[in-house]
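>>> The sequence isn't on hand, but the structure is:
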């Protein structure tokens, strides 16, 4: 880019890398250390074979324990899914409903990796990856990039006539290994970061009008809407199956198609979510535009819950 | 390495899409075991498939990975 003489920092937080970069950029601008910060997420994955990508991604897990034993990311979320099904009666149909909805949304997004509508039957009969997850429960291996420019609101007009405000943001951590968590059906870092972000923004979960959540697997979207406080614990599955997270539903979730259909270029995902919310809040989301677009939430997850970044955006 | 003893299956999965290192193992069953000593441990299930709540006992270590099998 030819911009030298200024700080340039690379962030690593697995799938939450650009979410973490965004959090630190917002922190720096809010503190008055910098006026303008550019945050870019980028990833190229499709040049590698699936076993190689699976192995590289597993590097975000606990290498000495679960990964050595043969855990992949689908396997970790499959074990989370099994436990969620056991404790709350979540079904494969409920998870498949998330996939069907996100594929339908992705089909309306010109920037989505996979613009293909799928049926419930297809989703339920996909190739098994890690039981009970099929290929339709898993996000995509994608190439992609996304950037956002962060500036104090007084300077926003220099860059855009439709700024979007960061009303609240927080990052939290948790143990990396699943076997070190008391309860794997909840993502503690998501709960903590969202509670802080809600407090900072002065809003409640019920005030949020749309959300981009980290659906690396269908079960992750179900757990995210529970941990973000949109529904009671255990109700994420029935809420999804009832269509309440569709574009026309009570709380549109992943109108972009999510990681499932828009794609999951790992390092770009966090910033990509912010960009998708901004499109909605500017009324520029085309076919997938939601009616209520004034208050949005993005949730970006690293590993099987080791890092979480939650951002609440408001239309200016 | 110490014998982790026996326990109960806390959660499990059967892996069909492996990392490069385990392409010859699929399908294999991975589980988190709630050990009788109070800790949880991630390992593999040897032999008959186990479900959540099933009692399992330590079988052997293979390449430092604990393998369990369903208790009789």
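Yep, that arrived. Just so we're clear, the structure is a prediction, and the values are computed from it rather than from any experiment. Numbers count the residues shown, from 1 in each chain, chains lettered A, B, ... in the order given.
>>> For the residue lying farthest from the centre of chain B, give its distance to residue A:52.
Ranked by distance from the centre of chain B (C-alpha atoms, centre = their mean), the top residue is residue B:20, with 19.8 Å. According to C-beta to C-beta, to the nearest Å, residue B:20 stands 6 Å off from residue A:52. C-beta here means a position set from N, CA and C on the backbone, and glycine is covered the same way.
>>> Then residue A:65?
22 Å.
>>> Mind telling me which residue is nearest the centre of chain A?
Taking C-alpha atoms, centre = their mean, chain A has its central residue at residue A:214, 2.2 Å away.
>>> how about the longest strand that chain B contains against chain A, any contact?
The longest strand of chain B (DSSP state E) is strand B:6-15. Yes: counting by C-beta under 8 Å from any C-beta of the partner chain, chain A is contacted by strand B:6-15 at B:10, B:11, B:12, B:13, B:14, B:15.
>>> buried residues in that strand?
For strand B:6-15, burial by neighbour count (16 or more other C-beta atoms under 10 Å in any protein chain shown) applies to B:7, B:9, B:10, B:11, B:12, B:13, B:14, B:15.
>>> Would you confirm that the second one contacts residue B:49?
Same thing as residue B:9. No: Residue B:9 is beyond contact range of residue B:49, at 10.1 Å (criterion: C-beta atoms under 8 Å).
>>> Please name the nearest non-neighbouring residue to residue A:104.
residue A:117 (5.6 Å; C-beta to C-beta, 6 or more residues apart in numbering or on different chains).
>>> Report pLDDT for that neighbour.
pLDDT for residue A:117: 97.
>>> Let me see the ranges of the helices in chain B.
Counting by DSSP state H, chain B forms no helices at all.
>>> quick one: pLDDT of the residue nearest the centre of it?
For chain B, the residue nearest the mean C-alpha position is residue B:44 (2.8 Å; C-alpha atoms, centre = their mean). For residue B:44, the model assigns a pLDDT of 98.
>>> residues in contact with the closest residue to chain B within the stretch 151-300 of chain A?
Here the stretch 151-300 of chain A gets closest to chain B at one residue, residue A:179, 4.1 Å apart by C-beta to the nearest C-beta. Contacts for residue A:179 (C-beta atoms under 8 Å, 6 or more residues apart in numbering or on different chains) come out as A:62, A:65, A:66, B:32, B:40, B:41, B:42.
>>> What is the lowest-pLDDT residue among these?
residue A:62 (87).
>>> which residue sits closest to that one in space, ignoring its chain neighbours?
Per C-beta to C-beta, 6+ apart, closest to residue A:62 is residue A:177, 3.6 Å.
>>> Tell me who's in contact with residue A:181.
By C-beta under 8 Å, 6+ apart, the neighbours of residue A:181 are A:174, A:175, A:188, A:305.
>>> Around residue A:169, how many other residues sit close by?
Applying other C-beta atoms under 10 Å in any protein chain shown, we find 23 other residues in the vicinity of residue A:169.
>>> thinking again about what came up before, looking at the contacts of residue A:181, which has the most residues close by?
Most surrounded of the contacts of residue A:181: other C-beta under 10 Å gives residue A:305, at 27 neighbours.
>>> Distance-wise, check it relative to residue A:60.
11 Å.
>>> again, but for residue A:46
Shown here: residue A:46 relative to residue A:60, a distance of 19 Å by C-beta to C-beta.
>>> residues in contact with the nearest residue to the residue of the stretch 151-300 of chain A closest to chain B once chain neighbours are set aside?
Excluding the flanking residues, the one nearest residue A:179 by C-beta to C-beta, 6+ apart is residue B:40, at 4.1 Å. Residues in contact with residue B:40, defined by C-beta under 8 Å, 6+ apart, are A:179, A:180, B:10, B:32, B:33, B:34.
>>> try 7 Å
A:179, B:10, B:32, B:33, B:34 (C-beta atoms under 7 Å, 6 or more residues apart in numbering or on different chains).
>>> Roughly how far does the fourth one sit from residue B:71?
According to C-beta to C-beta, residue B:33 stands 11 Å off from residue B:71.
>>> Spit out the residues that contact those two alike.
Listed as contacting both residue B:33 and residue B:71 by C-beta under 7 Å, 6+ apart are residue B:56.
>>> Surely residue B:70 and residue B:51 touch.
No: using C-beta atoms under 7 Å, residue B:70 is not in contact with residue B:51; the gap is 9.3 Å.
>>> the more surrounded of those two?
residue B:70 (17 against 12).
>>> C-terminal to the helix or strand bottoming out on mean pLDDT in chain A, what's the next element?
Lowest mean confidence among the helices and strands of chain A (mean pLDDT, DSSP states H and E): helix A:50-58, at a mean of 87. Per DSSP states H and E, the first helix or strand lying C-terminal to helix A:50-58 is helix A:73-88.
>>> what ranges do the strands span in the chain?
With no chain named, the answer covers chain A. Using DSSP E, the strands found in chain A span residues A:37-43, A:128-130, A:133-134, A:144-150, A:164-173, A:210-212, A:295-302, A:307-315.
>>> that's the wrong chain, I meant chain B
So, for chain B - with DSSP E - the strands run B:6-15, B:28-35, B:40-45, B:55-62, B:65-70.
>>> so what secondary structure elements neighbour the fourth one?
Read that as strand B:55-62. Judged by 3 or more C-beta pairs under 7 Å, 6 or more residues apart in numbering or on different chains; DSSP states H and E, the packing partners of strand B:55-62 are strand B:6-15, strand B:65-70.
>>> So for the last one, what gets flagged as buried?
Under the neighbour-count criterion of 16+ other C-beta under 10 Å, strand B:65-70 has B:66, B:67, B:68, B:69, B:70 buried.
>>> What count of nearby residues applies to the residue nearest to residue A:104?
Neighbours of residue A:117 using other C-beta under 10 Å come to 13.
>>> so what's the residue lying closest to residue B:33 once chain neighbours are set aside up against?
Among residues not flanking residue B:33 along the chain, residue B:7 sits closest, at 4.4 Å (C-beta to C-beta, 6+ apart). Listed by C-beta under 7 Å, 6+ apart, the contact set of residue B:7 reads B:33, B:34, B:35, B:36, B:56.
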